[in-house]
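[1] this one's structure only:
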C-alpha cells in the first residue's frame with residue numbers, strides 16, 4: 001500500500017514499501033501440470049479405445065441363441081457366421097441379423113451385444129397355419145400369407161389351400177382365417193378355398209361346407225360354426241355372421 005510523508009519544505013511524496021512492490025508482481029503460472037493432465041487424459045482415451053475396439057479382452061467368444069423351435073441353435077449360429085475373436089464393438093450386428101433372417105423359418109430376429117464377450121440372438125420362428133398346394137409341391141404358410149418351407153405331406157391339423165404360394169395377398173386372407181378360428185374348429189378343417197378375398201369357403205373333414213365370405217370377424221364366425229355343427233347341417237353360411245344360415 002502507498003504511504004504519504006510530509007517534508008520540511010511542505011511537499012508530499014509517495015513511495016511504495018518493498019513488501020507492497022513485491023506483491024504487485026504477477027506470479028508466473030505453472031503450465032506443466034495442465035499439460036501433464038492433458039497428456040494423461042489423451043492416453044486414457046486412447047487406451048480405452050484400443051481396449052474396446054481392438055483388444056481381445058472385449059472380443060466375441062460366445063453366441064447365445066434363444067427362440068428356436070424347429071431350427072437348432074447350431075443351425076442359427078452357422079447362419080449367423082459371427083466372427084469369433086473380433087471385438088464386440090466392431091461386430092456387424094445388422095449383417096448378422098440379415099443372415100439369420102434369410103432362414104425361411106425365421107419371422108423376426110434381434111441381435112445384441114452382451115459385454116464382455118457375448119453376441120445374443122433372439123428370434124421368433126414362423127408358425128404354420130395352413131399348407132399351400134402348387135401342383136405336387138406343398139408349402140407351409142404362416143398367418144401373414146408367407147409360404148416359407150416345403151413339406152412332403154400335409155401336417156396333421158393344418159388346412160390345405162389351393163391358393164398358389166406366390167399369391168401372397170390372397171394367402172394372407174386365408175392365413176388370417178386359419179389363424180383366427182378356434183383351435184377346436186381348425187382341427188376339423190380339411191381345405192380353405194378362395195377365389196377372391198371376399199369368397200372364402202372352408203371345407204371340413206366331415207364333408208360340411210362353410211361359406212365363410214371375407215376374413216373379417218373370423219373368430220366370431222368360427223364360434224358360430226362350432227355351435228351350428230350340433231344341428232348336423234350340410235352347409236353353413238357365416239358370410240354375414242349375425243345372420244347365419246344352415247342347409
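    That came through, no problem. Small disclaimer: the values here were computed from a predicted structure and weren't measured.
[2] CA only for contacts and neighbour counts going forward, please
    OK.
[3] Got the domain ranges for this structure?
    56-125, 128-246 (automatic domain parsing).
[4] can I get those domains in JSON lines with mean neighbour count and distance to residue 30?
    Output for these, formatted as JSON lines (neighbours: other Cα atoms under 10 Å; distance: least, Cα to Cα, whole Å):
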{"stretch": "domain 56-125", "mean neighbour count": "17", "distance to residue 30": "39"}
{"stretch": "domain 128-246", "mean neighbour count": "18", "distance to residue 30": "72"}
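[5] how about those in TSV, adding mean pLDDT?
    Compiled in TSV, those are given as follows (pLDDT from 0 to 100):
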stretch	mean pLDDT
domain 56-125	95
domain 128-246	94
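[6] Please dump those domains into JSON lines; it should also carry distance to residue 31 for every row.
    JSON lines is the format used below for the domains of the chain (distance: least, Cα to Cα, whole Å):
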{"stretch": "domain 56-125", "distance to residue 31": "37"}
{"stretch": "domain 128-246", "distance to residue 31": "69"}
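[7] Would you list the phi and psi of residue 184?
    phi -60, psi -40 (degrees, to the nearest 10).
[8] Ok, residue 228 next?
    phi -70, psi -20.
[9] In which helix or strand does residue 176 reside?
    When secondary structure is defined by DSSP states H and E, residue 176 falls within helix 168-180.
[10] the helices in this structure, which residues?
    Assigned by DSSP state H, the chain shows helices spanning 18-24, 32-53, 73-80, 93-101, 168-180, 183-186, 218-228.
[11] Between its first and last residues, what's the separation in stretch 143-155?
    End-to-end distance of stretch 143-155: 16 Å, with Cα to Cα, to the nearest Å as the criterion.
[12] which other residues reach it?
    The contact list for stretch 143-155 (Cα atoms under 8 Å, 6 or more residues apart in numbering) reads 104-105, 127-129, 131-132, 137-142, 160, 165-166, 168-176, 178-179.
[13] same thing but at 6 Å, please
    Outside stretch 143-155, the residues within contact range by Cα atoms under 6 Å, 6 or more residues apart in numbering are 104, 138, 139, 140, 141, 165, 168, 171, 172, 175, 176, 179.
[14] Output the residues you listed in JSON lines, with distance to residue 68 appended to each entry.
    Shown next, in JSON lines, are the contacts of stretch 143-155 (distance: Cα to Cα, whole Å):
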{"residue": "104", "distance to residue 68": "13"}
{"residue": "138", "distance to residue 68": "23"}
{"residue": "139", "distance to residue 68": "20"}
{"residue": "140", "distance to residue 68": "17"}
{"residue": "141", "distance to residue 68": "18"}
{"residue": "165", "distance to residue 68": "24"}
{"residue": "168", "distance to residue 68": "25"}
{"residue": "171", "distance to residue 68": "25"}
{"residue": "172", "distance to residue 68": "24"}
{"residue": "175", "distance to residue 68": "22"}
{"residue": "176", "distance to residue 68": "23"}
{"residue": "179", "distance to residue 68": "21"}
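[15] from these, which is closest to residue 78?
    Nearest to residue 78 out of the contacts of stretch 143-155 is residue 104 (Cα to Cα; 14.4 Å).
[16] Distance of the closest one relative to residue 94?
    For residue 104, the distance to residue 94 - Cα to Cα - is 18 Å.
[17] Could you find the closest non-adjacent residue to residue 247?
    With Cα to Cα, 6 or more residues apart in numbering as the criterion, residue 247 has its nearest non-adjacent residue at 5.1 Å, and that residue is residue 235.
[18] Run a quick check on the one you found versus residue 209, I expect a contact.
    Yes. Under the criterion of Cα atoms under 6 Å, residue 235 makes contact with residue 209 at 4.9 Å.
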